[in-house]
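Enquirer: kindly generate the corresponding structure for this input.
(one chain, ligands or ions: 1)
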Amino acid sequence: MKIIRTADYNDMSQKAAQLMIEKIRQQPDLTLGLATGSTPKGVYAELIKDHQKNGTSYEKITTINLDEYIGLPPFDPNSYRHFMNSELFDHLDIRLENTHLPKGAAEDMPQECERYEQLIKDLADIDLQLLGIGRNGHIGFNEPGTSFQSRTHVVDLAESTRKANARFFNSIEDVPAQAITMGIASILDSREIILLASGSAKAEAIRQLVYGEPDEQFPASALKLHENVTIIADEEALSLVSKD
Ligand SMILES: N[C@@H]1[C@@H](O)[C@H](O)[C@@H](COP(=O)(O)O)O[C@@H]1O
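Expert: Numbers count the residues shown, from 1 in each chain. All right, here's what the predicted structure looks like:
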């Protein structure tokens, strides 16, 4: 795994955005795997800035997101669809029909999981997947104990994850108990992966990712089985990782 150490959150956001913009310019019909959470917000702001200033076009880009809360319709302000539209898609020249998220309000969840997995296959896999990381090592919503062979599936959210994400909701009771997420195997099929981390709250997870062995109790460690992963993280997130 390659590690890019950045000074702070802004520097992390700029470096990750730069890498993405270069790829988009080289291959304007890229399939991007996108993530939600606080961490990628700065990257999305940088992509928007660049689009407005330098005209990088997303007209032919397809995006596919990692996950969605179950039970939240797309117009719910806490749905990841709403997050992606307002944080990114609404500000680019991307076609909304080329942006994909699992449907959290689908009636038949097993069928929705199959549809999503098939969609990834139909897109001939993800060229570049952006990831954040949970404090317990979750990627997407794959909680500790998830099989590395897993494909898109429904998960019960860990109490710690619901607590960590409660800041976006009125109260923890409002945080959905379940989500639909790409599986670990679906993520590992991506050609290239960038994992972002910022702040001291992520330092222990990043230490475990860098120094640990692949272990299903720590989902992000599956990335050790992939050949093209770059961690872009700030000093605080890398505070428990030596500089050489
Ligand atoms: N499903 C998302 C993950 O994709 C994200 O990586 C994680 C970390 O979030 P944050 O970036 O806000 O720390 O939170 C959520 O659970």
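
Enquirer: tell me how far the residue lying closest to residue 123 once chain neighbours are set aside lies from residue 54.
Expert: Excluding its sequence neighbours, the residue lying closest to residue 123 (CB to CB, 6 or more residues apart in numbering) is residue 31, at 4.9 Å. C-betas here are computed from N, CA, C, even on glycine. To residue 54, residue 31 is 22 Å away according to CB to CB, to the nearest Å.

Enquirer: one more: residue 137?
Expert: 36 Å.

Enquirer: between the two, point out the one with more neighbours.
Expert: residue 137 (22 against 10; other CB atoms under 10 Å).

Enquirer: next, the contact list for the closest residue to residue 178 other than its chain neighbours, please.
Expert: Nearest non-adjacent residue to residue 178, counting by CB to CB, 6+ apart: residue 70, 4.2 Å away. By CB atoms under 8 Å, 6 or more residues apart in numbering, the contact set of residue 70 is 104, 109, 154, 176-180.

Enquirer: cool, residue 241 as well?
Expert: Taking CB under 8 Å, 6+ apart, one finds 3, 206-207, 210-211 in contact with residue 241.

Enquirer: change it to 10 Å
Expert: Residue 241 is in contact with 3, 5, 203, 206-207, 209-211, 231, 233, counting by CB atoms under 10 Å, 6 or more residues apart in numbering.

Enquirer: just residue 112 next, same as before
Expert: Residue 112 touches 68, 70, 102-106, 152, 154, 180, counting by CB under 10 Å, 6+ apart.

Enquirer: next one: phi and psi at the residue nearest to residue 123?
Expert: Per-residue torsions, residue 31: phi -100, psi 120 (degrees, to the nearest 10).

Enquirer: and it, bridged to which residues?
Expert: Beta-bridge pairing for residue 31 (DSSP bridges): residue 62.

Enquirer: and the pLDDT at it?
Expert: Residue 31 is assigned a pLDDT of 98 by the prediction.

Enquirer: can I assume it is in contact with residue 98?
Expert: Yes - using CB atoms under 10 Å, residue 31 is in contact with residue 98, at 9.3 Å.

Enquirer: spell out which residues of this structure are next to the ligand.
Expert: 35-39, 66-67, 132-134, 140-141, 161, 165 (CB under 6 Å from any ligand atom).

Enquirer: narrow those to those that are buried.
Expert: 35-37, 39, 66-67, 132-134, 140-141, 161, 165 (16 or more other CB atoms under 10 Å).

Enquirer: out of those residues, which are inside helices?
Expert: Among these, the members found in helices (DSSP state H) are 161, 165.

Enquirer: that older thread, which two of the contacts of residue 241 have the greatest separation?
Expert: 5 and 211 (15.5 Å; CB to CB).

Enquirer: those two: which has the busier surroundings?
Expert: residue 5 (16 against 10).

Enquirer: in three-state terms, label the more buried one for me.
Expert: What DSSP: H, G, I helix; E, B strand; the rest coil gives for residue 5 is strand.

Enquirer: that one bridge partners, please.
Expert: Per DSSP bridges, the residues bridged to residue 5 are residue 233.

Enquirer: for this protein, where's the lowest mean pLDDT among helices and strands?
Expert: The weakest-scoring helix or strand in the chain, judged by mean pLDDT, DSSP states H and E, is helix 159-165 (a mean of 91).

Enquirer: residues contacting residue 54?
Expert: 21, 25.
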